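*Asks:* Here is my input, please return the structure:
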Amino acid sequence: MSKQKTPAYGGQAVMEGVMFAGKHTYVTAIRRKDDTLDYFEVKKKHRPILGFLKKIPLIRGFVAIIEASGNGVKHLNFSTERYDVAPEDDEKMLEENKPSKLSLILGTAAIGVLSFLFGKFLFTLLPALAAEAFRPIPIFSGHVGQNMIEGFLKLVLLLSYLYFISMTPLIKRVFQYHGAEHKVINAYENKLPLTVENVQAQSRLHYRCGSSFILFTVIIGVFIYLLVPSEPLWLRLVSRLALIPLVLGVSYEVLQATNKLRNIPVLRYLGYPGLWLQLLTTKEPKDDQVEVAIASFNEMLRRDGEYEKEAAKTSAKVV
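*Replies:* Next up, the predicted model:
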């Protein structure tokens, strides 16, 4: 009899909480101002076209990232609006924070996707423009040299950005919740009871982390850009933008591959660069933060179980 495969759950740190994605739902738990826990849920919508696209290598990565960006901003908005508000002030807060016209027109998910794409465009174009300044230097004047310096500048930009934002108290706490999210997933995948003690004993790093994905986009991009011209400048910039979906798609496949190979002694090192980056994007959480992450994960499992029971009852009635 074959072993039952452990589901590959993922999550996201939010303000004073954690979101976990299940088979049927996304659930966020946050700690409120009065120390109570509050939950937010967005049930997954099964769209046949997206399900089909997610089965196609290279394309599935781009689709998954766009979908995650759209969904993630909903949970981030919920946590940002409520974590520092007392529950008795919820009604007043909802009246004062009415959706903007932009939110009404585009929707929260669409704004999240647009924000992601705008950030990706800047992160792609700025290093390409900056690399041109090094062209007079002989070692960086050629096609290969330009791609190497562009990749280096992109890496410096990424590390500098993460380092400086991690110094702020607010983001440091988000990174602690990010560490708590990873610890919960590691404990679950190691089949341990989800207690604070067991979870705290786990690593705050994980092979499937989005931070690793971001680093892989930098590395993979260097190799893909070698296949297209680096001059004239306008063609270089246009090609960088046009290749964003491909870079994201390949990077996603590499991320999934490193996760599958993590238990093979030699090949496990392929994922180490991403784990090293997580030393910046995760921090060791406190016990009360781990409690929130455990509560979020357990609530996600509970609701997933309820939806599966409902689906089974519906199926039985149809038969």
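*Asks:* only C-alpha atoms for contact and neighbour calcs from this point on.
*Replies:* Fine.
*Asks:* Just give me how far the helix or strand hosting residue 312 sits from the chain centre.
*Replies:* Per DSSP states H and E: residue 312 is located in helix 287-318. Relative to its chain's centre, helix 287-318 lies at 21 Å (Cα atoms, centre = their mean, to the nearest Å).
*Asks:* same question, stretch 263-282
*Replies:* Counting by Cα atoms, centre = their mean, stretch 263-282 comes out at 16 Å from the chain centroid.
*Asks:* Pull that stretch out as CSV, backbone CA atoms only.
*Replies:* Below are the C-alpha coordinates for stretch 263-282, written out as CSV (Å, rounded to 0.1, in the frame of the first residue of the first chain):
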residue,chain,number,x,y,z
ASN,A,263,16.1,15.2,0.6
ILE,A,264,18.8,14.1,-1.9
PRO,A,265,22.2,14.7,-0.3
VAL,A,266,24.0,16.4,-3.3
LEU,A,267,21.1,18.0,-5.1
ARG,A,268,19.7,19.6,-1.9
TYR,A,269,22.3,22.3,-2.2
LEU,A,270,20.6,23.7,-5.3
GLY,A,271,18.1,25.3,-3.1
TYR,A,272,20.6,26.8,-0.6
PRO,A,273,20.8,30.3,-2.3
GLY,A,274,17.1,30.7,-1.7
LEU,A,275,17.4,29.5,1.9
TRP,A,276,20.2,32.0,2.5
LEU,A,277,18.0,34.8,1.2
GLN,A,278,15.4,33.8,3.8
LEU,A,279,17.8,34.7,6.5
LEU,A,280,16.8,38.2,5.6
THR,A,281,13.1,37.7,5.0
THR,A,282,12.4,35.6,8.1
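*Asks:* Now do it: everything it contacts.
*Replies:* With contacts defined as Cα atoms under 8 Å, 6 or more residues apart in numbering, stretch 263-282 is touched by 162-163, 166, 175-179, 204-207, 211-213, 215-216, 255, 258-259, 261-262.
*Asks:* buried ones in that stretch?
*Replies:* Within stretch 263-282, the residues that qualify as buried are 268, 270-272, 274-275, 277-278, 280-282, counting by 16 or more other Cα atoms under 10 Å.
*Asks:* Show me the helices in the protein, by range?
*Replies:* 48-53, 59-82, 90-96, 101-106, 108-132, 143-166, 169-189, 196-200, 210-225, 233-242, 244-260, 272-281, 287-318 (DSSP state H).
*Asks:* ranking those helices by mean pLDDT, which is last?
*Replies:* Comparing mean pLDDT over those, the weakest stretch is helix 101-106, at a mean of 44.
*Asks:* taking the helices of the chain together, which one is wrapped up most tightly?
*Replies:* Mean neighbour count (mean count of other Cα atoms under 10 Å) peaks for helix 169-189 among the helices of the chain, with a mean of 23.
*Asks:* so what does that one touch, helix or strand wise?
*Replies:* With contacts defined as 3 or more Cα pairs under 8 Å, 6 or more residues apart in numbering; DSSP states H and E, helix 169-189 has these neighbours: strand 10-14, strand 17-21, helix 143-166, helix 196-200, helix 287-318.
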